[in-house]
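*Asks:* structural data only, the sequence is not supplied:
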């Protein structure tokens with residue numbers, strides 16, 4: 001089995017690309033979705049997060065906006081949260097890999113792959129990338145997003161150019177969707193033996 005790590009900075013279109021891999025029949029582990037489950041209603045991490053960050057949870061689980069406001073700009077609080085979330089997500093990822101151990105190719109969608117690690121189980125890396133102007137427009141169009149918050153998030157992420165330099169594959173998302181889908185299909189063919197390059 002080949003494990004492809006899919007990553008990219010905020011607003012680069014990674015979720016769209018992950019869906020394209022799934023459309024092609026490739027099993028995809030979505031780290032963000034795992035976090036949502038763990039922090040959702042009756043999620044395994046809700047009680048501990050409420051203990052660490054009182055007032056950030058409710059009937060629907062963790063209030064992600066409230067929690068984000070509590071930890072962004074506070075390195076100690078962010079580290080505390082990461083020490084709780086990352087091992088739980090790693091356990092879900094391990095279970096996913098065990099379930100799909102017979103597959104020729106699986107994708108691990110990990111937003112902070114370069115920043116937080118996870119390379120031990122990764123064979124190849126694909127970075128999703130779009131021009132900075134498109135990235136900025138996409139992110140600032142999100143509900144509740146501000147310029148200040150966007151800059152705080154970017155400061156925690158490795159610059160796109162560095163990610164591209166470390167990637168085995170770069171998937172462009174700044175143009176037509178078909179161009180992106182064609183790139184995804186080429187990568188699948190390359191990694192599953194469909195083509196030589």
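*Replies:* Received, thanks. Note that the coordinates shown come from a computational prediction; the quantities given were computed from them, not determined experimentally.

*Asks:* what is the burial count for the closest residue to residue 114 other than its chain neighbours?
*Replies:* Taking Cβ to Cβ, 6 or more residues apart in numbering, and ignoring the residues beside it in sequence, residue 114 has residue 158 as its nearest neighbour in space, at 4.7 Å. C-betas here are computed from N, CA, C, even on glycine. Neighbours of residue 158 under the rule other Cβ atoms under 10 Å: 17.

*Asks:* residue 146 too?
*Replies:* Quick note: residue 146 (other Cβ under 10 Å) scores 10 neighbours.

*Asks:* show the model's pLDDT score for it.
*Replies:* Per-residue confidence (pLDDT) for residue 146: 89.

*Asks:* beyond the strand or helix carrying residue 69, next helix or strand please.
*Replies:* Secondary structure here is read from DSSP states H and E; on that basis residue 69 sits in helix 64-71. Scanning forward in sequence from helix 64-71 by DSSP H and E, the next helix or strand is helix 75-99.

*Asks:* what mean pLDDT does that following helix get?
*Replies:* Helix 75-99 carries an average pLDDT of 92.

*Asks:* compute the inter-axis angle for it and helix 64-71.
*Replies:* Comparing the axes of helix 75-99 and helix 64-71 via axes from the mean of the first three to the mean of the last three Cα atoms, to 10 degrees yields an angle of 130 degrees.

*Asks:* counting by contacts, list what helix 75-99 packs against.
*Replies:* Here helix 75-99 touches strand 27-30, helix 31-39, helix 46-52, helix 64-71, strand 105-109, going by 3 or more Cβ pairs under 8 Å, 6 or more residues apart in numbering; DSSP states H and E.

*Asks:* many thanks, have a good one.
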